[in-house]
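In: sequence isn't available, so here's the structure alone:
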């Protein structure tokens with residue numbers, strides 16, 4: 001016995017179909033559920049019933065089709081097939097429909113009557129066929145008859161009356177025909193008939209009992225679930241009354257339950273609420289779609305900021321936190337709402353104050369941007385960062401000072417119109433300032449065509465590194481000025497050399513704010529500054545003249561030629577000076593210098609200064625030195 005055939009057709013009714021409350025399930029409820037199960041099982045097994053009966057018709061005809069035609073059995077077999085047509089129509093009509101909530105007794109009676117009519121058609125067919133076929137074919141027909149009987153009992157476990165109404169006529173007709181035509185001995189025929197009929201009857205009875213018990217158990221389970229659900233609903237309503245801002249919402253539209261506090265906030269009745277669309281409570285209806293998407297994606301929602309409005313259309317801001325909830329057979333969301341109107345007002349005031357502050361800051365930045373063009377970038381940054389105090393004070397530092405001016409600038413000014421001179425001078429000063437800034441120079445001032453920079457304040461990489469940066473800056477400036485001069489000549493702006501003298505010195509200076517409380521200047525003073533200015537004045541056109549102190553810091557990589565010493569007031573001895581020729585590595589690549597520095601060896605050969613005679617003397621000296629080293 002296939003018990004799955006019995007229990008498989010029983011789907012527990014939904015909570016809305018739960019029978020009336022009471023200590024026991026009523027008999028009427030059990031009968032109603034059994035009729036539903038009978039209808040569902042019949043619908044589900046219709047394809048198998050159709051296939052079985054159609055196959056049986058084919059087998060009967062195949063056993064002896066001539067007999068089937070001769071004794072008119074073929075007409076009753078055709079009647080079987082015609083009776084199957086309503087079954088096909090019913091199956092197609094009910095296909096895909098949900099489980100019925102109610103089935104009338106009339107439908108069950110129609111199923112039984114239809115089964116009986118189908119059984120009668122089979123009974124006449126079996127009687128006519130068995131009465132006119134040979135013994136072997138008669139036994140085959142008896143087997144087909146029992147196959148149909150067992151099939152009916154198995155496929156209609158909840159409808160034993162329909163199975164009996166279907167099987168009993170064909171069993172009686174087949175047994176009588178087999179007995180009259182000596183298909184089997186009467187005792188063997190009686191044994192087979194009683195045994196087969198008994199097995200089918202017991203199977204039908206057992207299936208009926210299991211169906212009844214399963215329906216009874218399912219209804220009791222649903223009743224228990226309904227009672228649990230009722231207790232859960234009452235508990236949830238109590239919880240809603242205790243939460244300050246709850247509102248239970250479905251995924252799609254209306255509010256199901258609203259607490260007292262929520263009802264006051266939204267202006268809706270407390271408790272169960274119907275006929276209201278949740279979308280109506282959003283100031284921006286699209287926010288409801290966004291919220292639903294977030295809930296579906298995250299499985300919950302925490303502190304989602306949204307603007308609601310109450311039933312009177314008054315808006316308010318709220319933080320919404322949601323948890324999924326199964327409530328009255330619907331997927332819902334339990335939402336805790338916290339009104340944040342006060343916080344939003346404070347945020348708006350803060351934002352407004354911030355915007356005013358930003359506008360003020362932008363004004364100050366515009367003003368400070370204009371001021372930055374009149375003072376050095378380093379001084380500007382240190383003042384606005386608070387590192388530099390705007391008061392009269394000074395300190396001593398070892399700096400590297402740079403001076404430069406244009407050779408014969410007065411003659412150049414006489415040659416050019418004022419507009420041309422202004423454009424040319426501004427381009428020159430701009431290009432030199434860019435180079436100074438790239439090398440980390442501190443801009444001090446422009447004095448007409450002259451420039452003054454220094455290194456070591458306010459940021460210093462060390463005295464040696466500061467001196468190196470200053471000398472390299474001067475070399476780059478001279479190269480850039482040569483390019484500019486070439487361009488100006490090509491444009492016809494000048495017809496004479498446009499060259500600059502540059503002087504560099506390293507020493508201790510006094511640096512700080514000088515002036516009065518109303519007007520002051522951040523600069524450097526001292527004898528070392530004056531020396532740098534003198535060096536610039538004594539430099540060659542297009543040349544760089546550096547003091548001995550500076551040269552001592554860069555001599556390992558810089559080629560310089562010693563020049564005439566300068567005597568200055570405030571210096572006990574004449575100051576040695578050196579004219580910059582270039583950087584050893586660059587000159588060596590050009591083949592103008594041979595330079596090498598090793599422990600115990602310092603070799604520098606200035607090829608530009610050697611003639612044929614002096615070259616021979618140099619070779620002789622080198623050979624002597626080599627011979628001494630080898631000995």
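Out: Cool, the structure landed. Please read all numbers here as calculations on a predicted model, not as lab measurements. Residues are numbered from 1 along each chain as shown.
In: and the chain, what are its domains?
Out: For the chain, automatic domain parsing gives the domain ranges 4-225, 243-339, 389-585, 591-631.
In: quick one, which of those domains gets closest to residue 348.
Out: domain 243-339 (10.3 Å; CB to CB). No exception for glycine: its C-beta is placed from N, CA and C like everyone else's.
In: residue 127 contacts residue 177, doesn't it?
Out: Yes - Residue 127 is within contact range of residue 177, at 4.6 Å (criterion: CB atoms under 8 Å).
In: give me the buried positions along the longest strand along the chain.
Out: Longest strand in the chain, counting residues (DSSP state E): strand 500-515. Neighbour-count burial for strand 500-515 flags 500-507, 509-513 (criterion: 16 or more other CB atoms under 10 Å).
In: tell me the SS of the residue nearest to residue 488 when sequence neighbours are not counted?
Out: Among residues not flanking residue 488 along the chain, residue 494 sits closest, at 5.0 Å (CB to CB, 6 or more residues apart in numbering). Following DSSP: H, G, I helix; E, B strand; the rest coil, the label given to residue 494 is coil.
In: can you pull out the strands in the stretch 451-600 of the chain?
Out: Ranges of strands in the stretch 451-600 of the chain, per DSSP state E, counting those that start in this stretch, are 500-515, 520-525, 544-547, 558-566, 575-583, 593-598.
In: again with the stretch 151-300 of the chain
Out: Using DSSP E, counting those that start in this stretch, strands in the stretch 151-300 of the chain cover 246-250, 255-258, 271-272.
In: distance of the most centrally placed residue in the chain relative to residue 290?
Out: Centrality entry for the chain: nearest residue to the mean C-alpha point is residue 297, 12.3 Å, by CA atoms, centre = their mean. For residue 297, the distance to residue 290 (CB to CB, to the nearest Å) stands at 11 Å.
In: what's the answer for residue 118, then?
Out: Distance, residue 118 to residue 290, by CB to CB: 61 Å.
In: which one of these two is surrounded by more residues?
Out: Each of residue 118 and residue 290 has its neighbours counted (other CB atoms under 10 Å); residue 118 has more, 24 against 13.
In: what sits against the spatially most distant residue from the centre of the chain?
Out: The centre of the chain is farthest from one residue, residue 180, which by CA atoms, centre = their mean lies 85.7 Å away. Counting by CB atoms under 8 Å, 6 or more residues apart in numbering, residue 180 touches residue 131.
In: follow-up on the earlier one: turn the domains of the chain into TSV, including distance to residue 348 and mean pLDDT.
Out: Shown next, in TSV, are the domains of the chain (distance: least, CB to CB, whole Å; pLDDT from 0 to 100):
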stretch	distance to residue 348	mean pLDDT
domain 4-225	49	75
domain 243-339	10	72
domain 389-585	38	88
domain 591-631	71	69
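In: name the nearest residue to residue 64, sequence neighbours excluded.
Out: Nearest one to residue 64, counting by CB to CB, 6+ apart, is residue 133 at 5.1 Å.
In: assign that neighbour to helix, strand or coil.
Out: coil.
In: okay, now it: neighbour count?
Out: Residues near residue 133, counting by other CB under 10 Å, number 24.
In: for the residue farthest from the centre of the chain, give its distance to residue 145.
Out: 16 Å.
In: try residue 464
Out: Going from residue 464 to residue 145 by CB to CB gives 120 Å.
In: which one of these two is surrounded by more residues?
Out: Remark: of residue 464 and residue 145, residue 145 carries more neighbours, 25 against 14, as counted by other CB under 10 Å.
In: buried set for the strand or helix carrying the more buried one?
Out: Under the criterion of DSSP states H and E, residue 145 resides in helix 135-155. Across helix 135-155, burial judged by 16+ other CB under 10 Å covers 137-142, 144-146, 148-149, 151-155.
In: and what of stretch 73-82?
Out: Of the residues in stretch 73-82, 73-74, 76-77, 79-80 count as buried by neighbour count, 16+ other CB under 10 Å.
In: list just the nearest of the residues you listed to residue 43.
Out: Lowest distance from residue 43 to the buried residues of stretch 73-82 (CB to CB) belongs to residue 80, with 20.4 Å.
In: gap between that closest one and residue 118?
Out: Residue 80 is 7 Å from residue 118, where distance means CB to CB.
In: quick one: the helices in the stretch 251-400 of the chain, in order.
Out: In the stretch 251-400 of the chain, the segments counted as helices under DSSP state H, counting those that start in this stretch are 260-266, 286-298, 341-372, 377-385.
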